[in-house]
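[1] Curious how this folds, go ahead:
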Amino acid sequence: METLQIVPSRIIGGRSTDNAIFKSFSGVRQLGSASLSWRNRKIQSLCVKKRWYNDGRRFMCRSSSSSSAQDKEQGEGTLLGTERDSTGSVVGFNLIPHSATRGEEILESQENVANGGDELSEDIETHDKALPKITLNIVFVTSEAAPYSKTGGLGDVCGSLPIALAQRGHRVMVVSPRYLNGSPSDEKYANAVEMESQAKIFCFGGVQEVGYFHEYRAGVDWVFVDHPSYHRPGTPYGDIFGAFGDNQFRFTLLCQAACEAPLLLPLGGFTYGEKCIFLANDWHAGLVPVLLAAKYRPYGVYKDARSIVVIHNLAHQGVESAVTYKNFGLPDGWYKALEWVFPTWARTHALDPGEAVNVLKAAIVTSDRIVTVSQGYSWEITTPEGGYGLQDLLSSRKAVISGITNGIDANEWDPSSDELIPSRYSVDDLSGKVECKIALQKELGLPIRPDCPMIGFIGRLDYQKGVDIILSAIPDLMKDDVQFVMLGSGEKQYEDWMRHLESSYIDKFRAWVGFNVPISHKITAGCDILTMPSRFEPCGLNQLYAMKYGTVPVVHSTGGLRDTVLNFNPYANEGAGEGTGWAFSPLSKENLLAALRIAAGTYKDHKSSWEGLMKRGMERDSSWDKAATQYEQVFEWALIDPPYAG
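    Residues are numbered from 1 along each chain as shown. Here you go, the predicted structure:
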């Protein structure tokens, strides 16, 4: 039997790591007792040219020999794992084909290393600037993740940010319910494979059994928790009769199952293990930090894990009666973490003690860090106007709150490649923009007028989005030479109002009640102006989509809207101008009308300034990679200190 020969090579990136001595392998036929043969191929030479995932026990590599079509079909490389004895000494190695290969591992044969030393150093230096200092096991826990489930921005974030982090070399898992909407199966989960592992969870006075489905896609492990409570018709949160009465139960199961998943599921051959970064998104996942502190760490489990609560919308907190505390399956001593007492004015009657449990509040007091989806929102939640009763608590933890603006999926939202719009265009060639406008006017039955300012709104029809402000302003706005189109669904009074306005202003106003993805793309591309008079907006994505498509946003200056839309100034930069739109404040019908009229006037009378507005918006960096680097900084801060709770 041939033995392993270790040939020292140079230190990657000028830094030594635990595995730094393993730079090349020659004459390898068998490592310890584990053969390096995979699919009848023998690895003759391996040399790592870039950073790889390293958890102190394993590192990944890919054969440097020429790749066959079959290799590319496998697509993800192999995992080289060490086998250690009780003293920690390496006694063997094995190769595991797996989805666990993360990032952009660049490998080169031993011969290339010998012949191209200078080139290797340059490539590594460039790569080290782009990739994180360390790679991590990251677990997203969320009630929705696009494209599998989505009702708003939460689904977009949890469908895109994990992919961006995986592309940067991290090992990423997303845990979300497997919603079937009343059907025996759902084509969205067609590629998800049922796992043999199941979890038995003690909560709600009994033992609940949940299953897991798994799909490896875009470098991410998508894990779906399966339970009959996720199979009923409706949205993730309710149906036509309102919110589901057992949402506390449904999302307690999600949190408990998510905490078990890294320990239980052998994804690609091995589990994520205990050293993870958990990202608990909104109140639906808010029990995760509490469980880590109360259920696991007292027994030595997850002592090296960290938890981060990501607040997408503070208005929803998961508040239920205090008597439901026993349902969570937590020790009695942790009641204070969830305890919530309503102020006197908010109680139902004079004898109501106002005692409740608040899941999001518990997440805030037990998590290691707190992230909001924009910098502006990170400040707003510490104020009485934006704190929804949690402002004092959040102010006390202000030192660990970070605001990170969401990105957008460039594969879905790019006018140069969007197949849902009639004509594609780019910042270098805007000619397709007017063609999209004409096509939209034709489809909606509006007069075809390329020079008429076209204003759009896309969003939920509710009080938060300021829909009442828009509809009250329409009669005055329709006196101007403009066209207006609205797309959305929500409260019935607003839907009926939109239909009435369409019949009143047949040549100027169109209402599309409901939501339609292709139409949303066509409106974003075809309109000149997009308005968002939201009362509060943690981040907002439609203004980012609009700017990417050269559609100028007119928004209320709040939260993420204030952060992302820079007010137009035609005199800045020696007359070249600056800004990407208009952000007005305070919110009122009069201020909305004034801002829209200024925007429409600029469109009609100052074409060069308008083109500058369009191009600056299209050139704005709204990529998820930018946000991912900021999340990595938060992860680094979280790991500096010991766990905050438990």
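[2] what residues are up against Asn406?
    Contact analysis of Asn406 by CB atoms under 8 Å, 6 or more residues apart in numbering lists Gly153, Asp156, Val157, Leu161, Val373, Ser374, Cys539, Leu541, Leu544, Gly560, Ala627. Every residue, glycine included, has its C-beta placed from N, CA and C.
[3] Out of those, list just those in helices.
    Gly153, Asp156, Val157, Leu161, Leu544, Gly560, Ala627 (DSSP state H).
[4] okay, now the second one: neighbour count?
    The reference is to Asp156. For Asp156, the count of nearby residues is 22 (other CB atoms under 10 Å).
[5] what's the answer for the fourth one, then?
    Neighbourhood size, Leu161 [other CB under 10 Å]: 27.
[6] Please look at Tyr631 and Leu165 and confirm they touch.
    Yes. The pair Tyr631 / Leu165 is scored as a contact, 6.8 Å apart, by CB atoms under 8 Å.
[7] residues touching Lys200, list them.
    Lys200 makes contact with Val207, Gln208, Glu209, according to CB under 8 Å, 6+ apart.
[8] For the residue sitting nearest the centre point of the chain, which non-adjacent residue is spatially closest?
    The geometric centre of the chain, computed from its C-alpha atoms, lies nearest to Val157 (CA atoms, centre = their mean), at 2.2 Å. With CB to CB, 6 or more residues apart in numbering as the criterion, Val157 has its nearest non-adjacent residue at 5.6 Å, and that residue is Asn406.
[9] Make sure I have this right: that neighbour is in a helix.
    No. Residue state for Asn406 (DSSP: H, G, I helix; E, B strand; the rest coil) corresponds to coil; a helix is not indicated.
[10] mind checking how far it is from Pro538?
    As for Asn406, its distance to Pro538 is 9 Å (criterion: CB to CB, to the nearest Å).
[11] Mutual contacts of the two, please.
    Taking CB under 8 Å, 6+ apart as the criterion, Asn406 and Pro538 both touch Gly153, Val373, Ser374, Gly560.
[12] Surely the third one and Ile401 touch.
    Right, Ser374. No. Using CB under 8 Å as the test, Ser374 is too far from Ile401 to be in contact (11.9 Å).
[13] between the two, who's got more neighbours?
    Ser374 (23 against 19).
[14] returning to what we had before: save the contacts of Asn406 as JSON lines, and put in pLDDT too.
    As requested, these are exported to JSON lines (pLDDT from 0 to 100):
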{"residue": "Gly153", "pLDDT": "87"}
{"residue": "Asp156", "pLDDT": "91"}
{"residue": "Val157", "pLDDT": "94"}
{"residue": "Leu161", "pLDDT": "97"}
{"residue": "Val373", "pLDDT": "96"}
{"residue": "Ser374", "pLDDT": "95"}
{"residue": "Cys539", "pLDDT": "94"}
{"residue": "Leu541", "pLDDT": "93"}
{"residue": "Leu544", "pLDDT": "96"}
{"residue": "Gly560", "pLDDT": "95"}
{"residue": "Ala627", "pLDDT": "95"}
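[15] Of those, which is the nearest to Val517?
    In terms of CB to CB, no member of the contacts of Asn406 lies closer to Val517 than Asp156, at 12.0 Å.
[16] quick one on the thing from earlier: output the contacts of Asn406 as CSV; include the columns distance to Lys188.
    Listed next are the contacts of Asn406 as CSV, based on distance: CB to CB, whole Å:
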residue, distance to Lys188
Gly153, 19
Asp156, 15
Val157, 18
Leu161, 19
Val373, 24
Ser374, 29
Cys539, 25
Leu541, 21
Leu544, 25
Gly560, 28
Ala627, 25
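[17] Between all of these, which two are at the greatest distance?
    In terms of CB to CB, these reach their longest pairwise distance at Leu161 and Gly560, which sit 14.9 Å apart.
[18] Could you list the low-pLDDT ranges of the protein?
    Regions of the chain meeting the criterion pLDDT under 70 cover residues 1-133.
[19] let's see it at 50
    Of all residues in the chain, those with pLDDT under 50 make up the ranges 1-80, 82, 86-129.
[20] contacting residues for the residue nearest to the centre of the chain?
    Contacts for Val157 (CB under 8 Å, 6+ apart) come out as Asn281, Val310, His312, Val373, Asn406.
[21] Setting the sequence-adjacent residues aside, check what's closest to the fourth one.
    Spatially, and ignoring its direct neighbours in sequence, Val373 is nearest to Cys539 (3.8 Å; CB to CB, 6+ apart).
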